[in-house]
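Colleague: just coords:
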């Protein structure tokens, strides 16, 4: 299993379990397994600690699609990145139903690396 945060042409950020889609040993796209759109709330800065946090929401990418595995052609992808640990654990526990040690208790992410303009 490979969990990635994908950005697609529409600008949506999608967290998903990814599999390569190949044709004649060439990657032509990816299969997104149980993909979810990642939405964030308005950032809130804690004046005491100086940390910025925001709520996140996961919703099905294609809510009315049949099944859980969706093909995505290569030309629809902008990039893949590794999700932050908190988001990764949230996806594994809440969407894939895995038992992950140290799963987050809340659905907030704290930005710790100087997000001044957030």
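Modeller: Cool, the structure landed. Everything numeric here is computed off the predicted structure, so don't read it as measured data.
Colleague: grab the most central residue of the protein for me.
Modeller: Nearest residue to the geometric centre of the chain (Cα atoms, centre = their mean): residue 15, 2.4 Å.
Colleague: paired strands for whichever strand or helix holds residue 28, with orientation please.
Modeller: Assigned by DSSP states H and E, residue 28 belongs to strand 26-40. Here strand 26-40 is paired, per DSSP bridges, with strand 13-23 (antiparallel), strand 52-60 (antiparallel), strand 69-73 (antiparallel).
Colleague: flag every buried residue along the last one.
Modeller: Of the residues in strand 69-73, those buried by neighbour count under the rule 16 or more other Cβ atoms under 10 Å are 70, 72. Every C-beta, even on glycine, is put in place using the N, C-alpha and C of the backbone.
Colleague: beyond it, next helix or strand please.
Modeller: Sequence-wise, the next helix or strand downstream of strand 69-73 (DSSP H and E) is strand 77-81.
Colleague: identify the residues contacting residue 39.
Modeller: For residue 39, the contact set (Cβ atoms under 8 Å, 6 or more residues apart in numbering) comprises 56, 57, 58, 59.
Colleague: need the pLDDT of the third one.
Modeller: Confidence at residue 58, expressed as pLDDT, is 95.
Colleague: hmm, which helix or strand of this protein has the shakiest average pLDDT?
Modeller: Ranked by mean pLDDT, DSSP states H and E, the weakest helix or strand in the chain is strand 108-111, scoring a mean of 47.
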